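In: got a sequence here, can you model it:
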Amino acid sequence: MKISEQAFLLAWHNQKLVRDALKYVHVSRTYQGYEDLFQEGIITYAGMIELHGKLTRELNRLSFRKVVWHTIDLLRKEKRNQNLEHVLKLLITNRQFSSAELNLVLAQELPKLNNTEKMLFYSHLINGQSITSIAQKNQINRVQLQRVKRQLLVHLRKILILDYDL
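Out: Residues are numbered from 1 along each chain as shown. Prediction:
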């Protein structure tokens, strides 16, 4: 759906609705992903304004609920991604790979990765940079990077499980 500038500006001027929805879901302003969730909420709210037209009390009530559920969905996805990352770290630490074994597996797999996957592997997984900062530096959509990260973690987990029969 294409959102008009007017709908976006109306949503932006009434950002209290989005902030209250985030507060309702217990997302504090100190949460590291607050800005991303806030932006997603504004876009969702603007989409609802575009769909229904005028700002009414009923539209605000529906928009509030939609922002709440959309935020909950995003938080669930993030938690699932963190769980995948945690499982990968546990596989590596519990197996206690020797550096030679791990280097051998990575040396075989890294050339097979595309440029985006390599960048994520080194920048995010190894150096610990945030997805948002990597997205801004490389002008890639944050959601796309999260999708690539999830696929990369699943791929690496499969490789480690298959190669070492964990």
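In: for Ala11, grab the count of nearby residues.
Out: 25 (other CB atoms under 10 Å). In this view, the C-beta of every residue, glycine as well, is placed from N, C-alpha and C.
In: so who does it touch?
Out: 18, 42-43, 45-46, 49 (CB atoms under 8 Å, 6 or more residues apart in numbering).
In: what mean pLDDT does the one helix or strand it maps to get?
Out: Assessed by DSSP states H and E, Ala11 sits inside helix 5-13. Averaged across helix 5-13, pLDDT comes to 90.
In: helix or strand right after that helix?
Out: Assignment by DSSP H and E places the next element after helix 5-13 at helix 15-24.
In: quick one: contacts of the following helix or strand past that following helix?
Out: Reading on from helix 15-24 to the C-terminus, the next helix or strand found by DSSP H and E is helix 34-52. Applying CB under 8 Å, 6+ apart, the contact partners of helix 34-52 are 1-4, 7-8, 10-12, 14-15, 17-19, 21-22, 27-28, 31, 55, 59, 62-63, 66-67, 70-71, 74-75, 132, 142.
In: re earlier: CA atoms of the helix holding Ala11 as PDB?
Out: Extracted C-alpha coordinates of helix 5-13, given in PDB (Å, rounded to 0.1, in the frame of the first residue of the first chain):
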ATOM      1  CA  GLU A   5       2.400  12.400   2.500                       C
ATOM      2  CA  GLN A   6      -0.700  13.900   4.100                       C
ATOM      3  CA  ALA A   7      -1.500  10.600   5.900                       C
ATOM      4  CA  PHE A   8       2.100  10.300   7.100                       C
ATOM      5  CA  LEU A   9       2.100  13.800   8.400                       C
ATOM      6  CA  LEU A  10      -1.200  13.200  10.300                       C
ATOM      7  CA  ALA A  11       0.400  10.100  11.800                       C
ATOM      8  CA  TRP A  12       3.500  12.000  12.700                       C
ATOM      9  CA  HIS A  13       1.600  14.800  14.400                       C
END
